[in-house]
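Visitor: Got a sequence here, can you model it:
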Amino acid sequence: MSTTGKARGERFFFFYALALFAIVVTAFPLHALINGDELPPLLPHMHVHAVSMGLWFALMVLQTTLIARRNYGLHKTLGVSSLALVPIMLGTGLYISWENLVRTGDNTILIANSANAAVFLVFYGAALLNRAKAALHKRFMLFAGLALMFPAFTRITFILQLDVFLVLPMWLAFLLAVPVYDLIRQRKVTAASLIGIGINVLYIVGLALATAPPPG
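Guide: Below is the predicted model of the structure:
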């Protein structure tokens, strides 16, 4: 593939990361503005979670930009910073979910966000283990980011007053964008995309079973 072709290919990963970032930094603040009276008071750890999440998705955009510009050294250096960011981001998110359980008595959000965090760690760990294999690394990182998007997609439905079940097609659109890109660029679906789809199918089926209301 030519240098120009590679650069065009990297644009997909940049715009994918940018789309995730834009949704996160738009959906949460708008939801807070529109439904502020229905939300619990914003405590310091909630601000920490919001900032760390925003930094994570901003880092995704920056990292894809650095790769497109062949700045591999800075890309690797900044990648190390994610090791400090991840426990803060996930830890505060799960604590907020536990607080929701205590406040409402409903464990659905805690179960869902625990599953999201687990799938994120699977893909994030796979990406770290495959740092030397670009095709695997960058796709696993996209899937890691997507694993954290259900809360943001849910807030879009609240903002636009849509059926909450529309979250699933939003998520599917991003999931399937990766293998579709593979087919367009390489005329085949890469191993990383097949692994990602397989894990995500197991994840969504398990999540649906875990959060389904009891029969009767």
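Visitor: Okay, now the unreliable bits of this protein?
Guide: 1-9, 36-37, 213-216 (pLDDT under 70).
Visitor: Where do the helices of it begin and end?
Guide: Under the criterion DSSP state H, the chain contains helices at 3-34, 44-68, 72-104, 108-129, 134-147, 150-160, 167-186, 191-211.
Visitor: Just say which of the ones you listed is most tucked in.
Guide: helix 134-147 (a mean of 22; mean count of other C-beta atoms under 10 Å). C-beta here means a position set from N, CA and C on the backbone, and glycine is covered the same way.
Visitor: I would like the residues contacting that one, please.
Guide: 13, 16-17, 20, 56-57, 60, 63-64, 67, 116-117, 119-120, 123-124, 126-127, 130-131, 171, 174-175, 178, 190-193, 196, 199-200, 203 (C-beta atoms under 8 Å, 6 or more residues apart in numbering).
Visitor: ok, now stretch 174-192?
Guide: Contacting residues not belonging to stretch 174-192 are listed as 9, 12, 16, 19-20, 135-136, 139-140, 142-143, 146, 149, 193-194, 196-197, 200 [C-beta under 8 Å, 6+ apart].
Visitor: now swap in stretch 12-19 and tell me
Guide: By C-beta under 8 Å, 6+ apart, the list of residues contacting stretch 12-19 reads 57, 60-61, 63-65, 67-68, 138, 142, 145, 174, 177-178, 181, 185.
Visitor: how near is the residue lying closest to Val25 once chain neighbours are set aside to Phe28?
Guide: Spatially, and ignoring its direct neighbours in sequence, Val25 is nearest to Gly54 (5.8 Å; C-beta to C-beta, 6 or more residues apart in numbering). According to C-beta to C-beta, to the nearest Å, Gly54 stands 9 Å off from Phe28.
Visitor: cool, Ile184 as well?
Guide: Noted for Ile184: a distance of 32 Å to Phe28, by C-beta to C-beta.
Visitor: Leu172 now?
Guide: Counting by C-beta to C-beta, the gap from Leu172 to Phe28 is 22 Å.
Visitor: Ile195 too?
Guide: 30 Å.
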